[in-house]
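Undergrad: here is a sequence with its predicted model. Questions after.
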Amino acid sequence: MKGEVKVSYQGMPGAYSEKATRQLLGSSVNVVAVGYPSFEEAFLAVEREEADFGVLPIQNSLGGSIHANYDLLLKYGLHIVGEYDLRVEHSLLALPGVSKTDIKTVISHPQALAQCAHTISTMGAQPRAEYDTAGSAKMLADNQWKDTAAVASDLAAEYYGLQVLERNVEDDEGNFTRFLLLSKKEDLGLDARAETEFKTSLVFSFMDSNEKGQLYKALSAFSLRDIDLAKIESRPWGHTAEQQYQEMLESSDFSLTAASARRKYSYLFYVDIIGHQTDETIINALRHLREFCKFVRVLGSYPTKGKLSGDVRKTLEAVGAYQANPITASPAIMPQEHQPLRLTIGIYGFGNFGQFLAKTMSKAHQVRATSRTNYATVAAQLDCEYFPSTQLEQFFDGLDVLVLGVSILSFESVLNKIPKQFLEKLVIVDVLSVKTHPKQIMLRDLPESASILCTHPMFGPESGKYSWRGLPMMFEKVRVLSGEHSHVMDAFLRIFETEMCRMLEMTCESHDEYAASSQFLTHLTGRILSVQGVKNTPIDTRGFKNLVRLVEDTCKDSFDLFQGLYEFNPNSEQQIQKFRESLNEVTNLLVEKTPKRTQPALPVGGTTMSEKYPQNPLLGKIAPSKTVVIHGMAKQLEAEGKDVWSLCVGEP
């Protein structure tokens, strides 16, 4: 067996396709990723056995399907043996020593520029389209342009000696590209069928494109058998399809008339279904489909969610390159020699956020919960064991990890109420939105035998409702007292890695410095606009709708959270002061730019109305009626966006 595995991809070194290859197959030196100028050349490399596998993009969550690769799947006899969803994280790259203020031009692939349009616009720079992302980074490095930046992957920065000015400059965080792992040899992955979800991709076309209801009939072959359809894509019936169809006719006694074999506007349908082609239901569905389709070809059955099995896994193992979970590999969490550890995790404080964490943690670990309020029913629904506050000894017995799911304001008092003997030799985890405050308290008050992991999952029940994929998870291993505790911490963090969070290892102090200018400022702006009474109008612009959404999102959180962000982050007061100064500066600028308007001319005769008809001096001494006072209060409350019912009689 040769000592390396070659993988073809399209693009320059540092391209997102190479990044997907590294994340799917691992970063071993024995996995050699080779870039090719075009998609077809990357396909050909696998076809000619110059490469063992190919990693090619097939669809993007924002840009849609990559039609050229659908056509190449049909043209070449390669088999799909795996898939991987890459979170596309655009970075702004520049020469070392260059700052953002120096940048006048930003270069990249047109699609990448479009996906970062807002960031580029706010910089005041001009976008310039080039062939691809990594190629733009290389062009920048080769030409040593100090007034130019490139939008590309952070991997490209490593290749070409560039600095990352800013990460995640894309306008939409939901930017994912699905890549297919291709092989010349069919690999059914039968060794992993029992415990792994599989997807099967196929392509078909009808006998007669003009017959009514054909697509309905085709899809019914799957729906009648409760087979989940994951994707359907149509492509024109072209020369490649015609060639393969004729070969099929020559090898069988099935025949069609020339007229029906070739019509204008005939289409192929590419379909992804959940299940394996050897499943009985799918065998029957394919048999049903072939009854009224002139062409059916299965492109492959393969594990979902970036898992590897069968010959792919064996090939990587043979060169010492296989990792049990390459999809979750990260510098923050190194692969372990032993099997993944099943933790016993205790969540102390089982409110909304504690329940939110428990729902995911209980998938692979034993989770316990305790709280002042009785959440026994909720805990049972989440597959957790609930202990009332009167059974703390049983709750703590045998715990590996204690997650403190309490509020910022109550954190210190709650921690000090827990008997210290229960906290001995545990890994203690906090999940607060401020970090220096709990770090200092835990270092001061926890037993010396307890290890400390500070974390901030920067999402919640709303933003993480459907998936944690791509969402940021900050952590600092503050105190690690043993190898066993280190392993426990890694296993705990792997929960978030497995859910494909974006792991951010940084100090608590750095977190709070960043948070003051992002998280606190967001909440501050939302709260100010809430007091101002900002709400939807019939003529809302997109920008104004975003402001209303900001108000709604920030006010969904408790005021205690906002108070905690202010009270326990020393950087927050500076943000308030900067906000005041900025408001004054902008206001003064408006006043300065407003032209002075002349006073209106006096009426004929040179006297004003008040001079001509002076008020009775006794008028100012008359107190307003109660009706007028109540009416004024009601109008003020309405202006603040509050619903008011006034019971005063009469309308002044």
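TA: Yep, it's here.
Undergrad: quick one: contacts for E197?
TA: I274, P303, T304, K305 (CB atoms under 8 Å, 6 or more residues apart in numbering). Any C-beta I mention is one placed from the backbone N, CA and C, and that applies to glycine too.
Undergrad: what's the local residue count around D142?
TA: 9 (other CB atoms under 10 Å).
Undergrad: same question, the one 4 residues further on
TA: In terms of burial, K146 registers 13 neighbours under the definition other CB under 10 Å.
Undergrad: contacting residues for it?
TA: L95, V98, D102.
Undergrad: repeat for E640
TA: E640 neighbours (CB under 8 Å, 6+ apart): V531, Q532, G533.
Undergrad: pull the helix or strand with minimum mean pLDDT from the protein.
TA: Of all helical and strand segments in the chain, the minimum by mean pLDDT, DSSP states H and E falls on helix 258-261, at a mean of 44.
Undergrad: I'd like the next helix or strand past that helix.
TA: strand 267-274 (DSSP states H and E).
Undergrad: relative to that next one, what are the paired strands and their orientations?
TA: strand 198-206 (antiparallel), strand 229-236 (antiparallel) (DSSP bridges).
Undergrad: list of residues touching the longest one?
TA: When contacts are defined by CB under 8 Å, 6+ apart, strand 198-206 is touched by residues 73-74, 80, 83, 189, 214, 218, 230, 237, 241, 245, 266-277, 282, 286, 289, 292-304.
Undergrad: can you list the low-confidence ranges for the chain?
TA: 1-2, 207-210, 238-265, 321-340, 466, 517, 598-625, 628, 647-652 (pLDDT under 70).
Undergrad: what helices or strands is the strand ranked longest in it leaning on?
TA: Ordering each strand of the chain by length in residues (DSSP state E) puts strand 293-303 first. Judged by 3 or more CB pairs under 8 Å, 6 or more residues apart in numbering; DSSP states H and E, the packing partners of strand 293-303 are strand 79-87, strand 198-206, helix 239-250, helix 280-290.
Undergrad: report the distance from the longest helix seen in the chain to the chain centre.
TA: If you go by DSSP state H, the chain has its longest helix at helix 572-593. From the chain centre to the centre of helix 572-593 is a distance of 34 Å (CA atoms, centre = their mean, to the nearest Å).
Undergrad: in that helix, what counts as buried?
TA: S572, Q575 (16 or more other CB atoms under 10 Å).
Undergrad: go on, stretch 473-483?
TA: Those would be M473, M474, F475, E476, K477, V478, R479, V480, for stretch 473-483 by 16+ other CB under 10 Å.
Undergrad: list of residues touching the longest helix of the chain?
TA: A516, S517, F520, L521, L524, L565, Y566.
Undergrad: can I get that helix as PDB, trimmed to CA atoms?
TA: C-alpha atoms of helix 572-593 as PDB (Å, rounded to 0.1, in the frame of the first residue of the first chain):
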ATOM      1  CA  SER A 572     -19.400  48.500  29.400                       C
ATOM      2  CA  GLU A 573     -19.300  51.900  31.100                       C
ATOM      3  CA  GLN A 574     -16.800  53.000  28.500                       C
ATOM      4  CA  GLN A 575     -19.200  52.000  25.700                       C
ATOM      5  CA  ILE A 576     -22.000  54.100  27.300                       C
ATOM      6  CA  GLN A 577     -19.600  57.100  27.500                       C
ATOM      7  CA  LYS A 578     -18.600  56.600  23.900                       C
ATOM      8  CA  PHE A 579     -22.300  56.300  22.900                       C
ATOM      9  CA  ARG A 580     -23.000  59.700  24.600                       C
ATOM     10  CA  GLU A 581     -20.000  61.300  23.000                       C
ATOM     11  CA  SER A 582     -20.800  59.900  19.500                       C
ATOM     12  CA  LEU A 583     -24.500  61.100  19.900                       C
ATOM     13  CA  ASN A 584     -23.300  64.600  20.800                       C
ATOM     14  CA  GLU A 585     -20.800  64.600  18.000                       C
ATOM     15  CA  VAL A 586     -23.400  63.600  15.400                       C
ATOM     16  CA  THR A 587     -26.000  66.000  16.800                       C
ATOM     17  CA  ASN A 588     -23.500  68.900  16.700                       C
ATOM     18  CA  LEU A 589     -22.600  68.000  13.200                       C
ATOM     19  CA  LEU A 590     -26.200  68.200  12.200                       C
ATOM     20  CA  VAL A 591     -26.600  71.600  13.800                       C
ATOM     21  CA  GLU A 592     -23.500  72.900  12.200                       C
ATOM     22  CA  LYS A 593     -24.500  71.700   8.700                       C
END
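Undergrad: ok, V203 to N60 distance?
TA: Distance, V203 to N60, using CB to CB, to the nearest Å: 20 Å.
Undergrad: so for these two, which sits in the more crowded spot?
TA: Comparing V203 with N60 by other CB under 10 Å, the one with more neighbours is V203, at 21 against 17.
Undergrad: ok, that one to K184 distance?
TA: Distance from V203 to K184, by CB to CB: 18 Å.
Undergrad: need the buried ones from the contacts of strand 198-206 selected in PyMOL.
TA: Here is the PyMOL command that picks out the buried ones among the contacts of strand 198-206, judged by 16+ other CB under 10 Å:
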select buried, resi 73+74+80+83+189+214+218+237+241+245+266+268+269+270+271+272+273+274+275+276+277+282+286+289+293+294+295+297+298+299+300+301+302+303+304
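Undergrad: got the phi/psi numbers for the residue sitting nearest the centre point of the chain?
TA: Central residue of the chain (CA atoms, centre = their mean): G470, 3.0 Å from the mean position. Backbone torsions for G470, taken as degrees, to the nearest 10, come to phi 80, psi 0.
Undergrad: contact partners for it?
TA: R87, E173, G174, F176, M500, C501, R502.
Undergrad: so what's the residue lying closest to it once chain neighbours are set aside up against?
TA: Nearest non-adjacent residue to G470, counting by CB to CB, 6 or more residues apart in numbering: R87, 4.3 Å away. For R87, the contacting residues are N175, F176, R469, G470, M500, R502, by CB under 8 Å, 6+ apart.
Undergrad: name the nearest residue to the third one, sequence neighbours excluded.
TA: Counting by CB to CB, 6+ apart, R469 lies nearest to M500, which is 4.3 Å off, once chain neighbours are set aside.
Undergrad: that's all I had, so thanks and see you.
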